[in-house]
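# One predicted model, sequence on top.
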Amino acid sequence: MKTEPSHPLRTVLLTLCLAMGLGGCATAPPVAVPAAPPPVEREVVGLQRPDYQENSLWQAANGLSGLFQDTKARNVGDIVTVEISESSKATNKANTKTGRDSSLSAGIDAAFGIEDWWQDVVLRRLPTNAPKLNPFGAASVKGSMTSEFEGDGTTSRSGDLSAFITCRVTDVLANGNLRIVGTREILVNHENQVIVLSGVIRPRDISDQNVIASRFISDAKIAYSGSGVIDDRQRPGWMANFLNTVWPF
């Protein structure tokens with residue numbers, strides 16, 4: 001007896017399922033590191049090397065002239081060190097509790113002697129099995145309602161970032177403020193860490209050591225990201241992401 005050959009469609013489905021199962025635990029490609037915006041280069045005009053002055057004790061081109069110069073960044077191409085010290089914390093808590101309790105009772109105690117006629121005549125003529133309804137002498141309607149609600153919610157978020165990064169002045173605005181851009185990339189054991197910073201600063205906020213705190217930066221954009229084996233292990237595989245996207249429950 002000859003065995004029936006396997007169906008081609010069944011073979012394709014088995015191959016596809018095997019490939020999806022092996023690739024379900026594969027990690028996603030590393031996230032692209034954000035790049036710093038391209039600096040705006042400007043041609044510096046009027047900066048020429050000072051000429052040598054014969055028979056003069058002061059020479060602007062010698063090595064000691066830096067002792068009498070202001071080292072703060074002020075022109076395009078100058079560098080300034082930024083001390084990043086960002087700490088944010090937010091907490092929100094809400095508590096709501098409500099309650100309501102109400103009751104109703106109504107009846108007729110006396111109605112021009114009708115209650116006696118109702119008690120002595122009407123109720124005695126009713127059959128034994130009939131309900132003895134007596135709206136007089138006692139409360140005939142009673143009702144009560146109780147409602148309670150209690151809600152409680154809390155949310156919190158915090159983050160800290162401390163680092164030093166040296167940026168370059170890319171533009172001098174009309175009011176004298178400086179636009180800076182800087183990038184710092186550190187590679188340790190195939191783990192790449194990148195810090196990108198950009199914003200606008202005032203020259204008066206720069207210290208004598210040519211250092212400015214990040215809290216003085218306007219329109220500050222600070223990006224801290226990384227890529228490597230550890231970063232890959234912290235994300236689910238592409239199959240898990242696919243199932244989480246299409247799974248309706």
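Happy to help now that I have it.

# If you average pLDDT per helix and strand, which one of this structure comes out bottom?
Sorting the helices and strands of the chain by mean pLDDT, DSSP states H and E puts helix 8-23 at the bottom, at a mean of 61.

# what packs against the single longest strand found in the chain?
Ranked by residue count and defined by DSSP state E, the top strand of the chain is strand 139-172. Strand 139-172 is packed against strand 79-107, strand 178-188, strand 191-201, strand 218-227, with contacts defined by 3 or more Cβ pairs under 8 Å, 6 or more residues apart in numbering; DSSP states H and E. For every residue, glycine as well, the C-beta is placed using N, CA and C.

# Quick check: which of those strands is buried the most?
Highest mean neighbour count of the helices and strands packed on strand 139-172: strand 191-201, a mean of 19 (counted as mean count of other Cβ atoms under 10 Å).

# Let's see that strand as PDB, backbone CA atoms only.
Provided in PDB are the C-alpha atoms of strand 191-201 (Å, rounded to 0.1, in the frame of the first residue of the first chain):
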ATOM      1  CA  GLU A 191      26.300  49.900  25.400                       C
ATOM      2  CA  ASN A 192      25.900  53.300  23.700                       C
ATOM      3  CA  GLN A 193      24.500  56.200  25.700                       C
ATOM      4  CA  VAL A 194      23.800  59.500  24.000                       C
ATOM      5  CA  ILE A 195      22.800  62.900  25.500                       C
ATOM      6  CA  VAL A 196      21.500  65.600  23.200                       C
ATOM      7  CA  LEU A 197      20.800  69.200  24.400                       C
ATOM      8  CA  SER A 198      19.700  72.300  22.600                       C
ATOM      9  CA  GLY A 199      18.200  75.600  23.700                       C
ATOM     10  CA  VAL A 200      18.700  79.400  24.100                       C
ATOM     11  CA  ILE A 201      20.700  81.000  27.000                       C
END
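
# That strand: what's the following helix or strand?
strand 211-213 (DSSP states H and E).

# buried sites along that next one?
Of the residues in strand 211-213, Ile212 count as buried by neighbour count, 16 or more other Cβ atoms under 10 Å.

# do the same with stretch 152-164
Going by 16+ other Cβ under 10 Å, stretch 152-164 has these buried residues: Ala163.

# Give the rounded mean pLDDT of that stretch.
The average pLDDT for stretch 152-164 rounds to 86.

# and if you look at stretch 226-236?
71.

# so which strand or helix has Asn241?
Under the assignment here (DSSP H and E), Asn241 is part of helix 238-246.

# could you turn that helix into PDB, dropping everything but the C-alphas?
Output of helix 238-246 as PDB, limited to C-alpha atoms (Å, rounded to 0.1, in the frame of the first residue of the first chain):
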ATOM      1  CA  TRP A 238       8.100  41.500  17.600                       C
ATOM      2  CA  MET A 239       5.700  38.500  17.900                       C
ATOM      3  CA  ALA A 240       4.700  39.700  21.400                       C
ATOM      4  CA  ASN A 241       4.100  43.200  20.100                       C
ATOM      5  CA  PHE A 242       2.100  41.900  17.200                       C
ATOM      6  CA  LEU A 243      -0.100  39.800  19.500                       C
ATOM      7  CA  ASN A 244      -0.700  42.700  21.900                       C
ATOM      8  CA  THR A 245      -1.800  44.800  19.000                       C
ATOM      9  CA  VAL A 246      -4.300  42.500  17.400                       C
END
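
# Val211 is in contact with Ile79, isn't it?
No - if you go by Cβ atoms under 8 Å, Val211 and Ile79 don't touch, sitting 11.0 Å apart.
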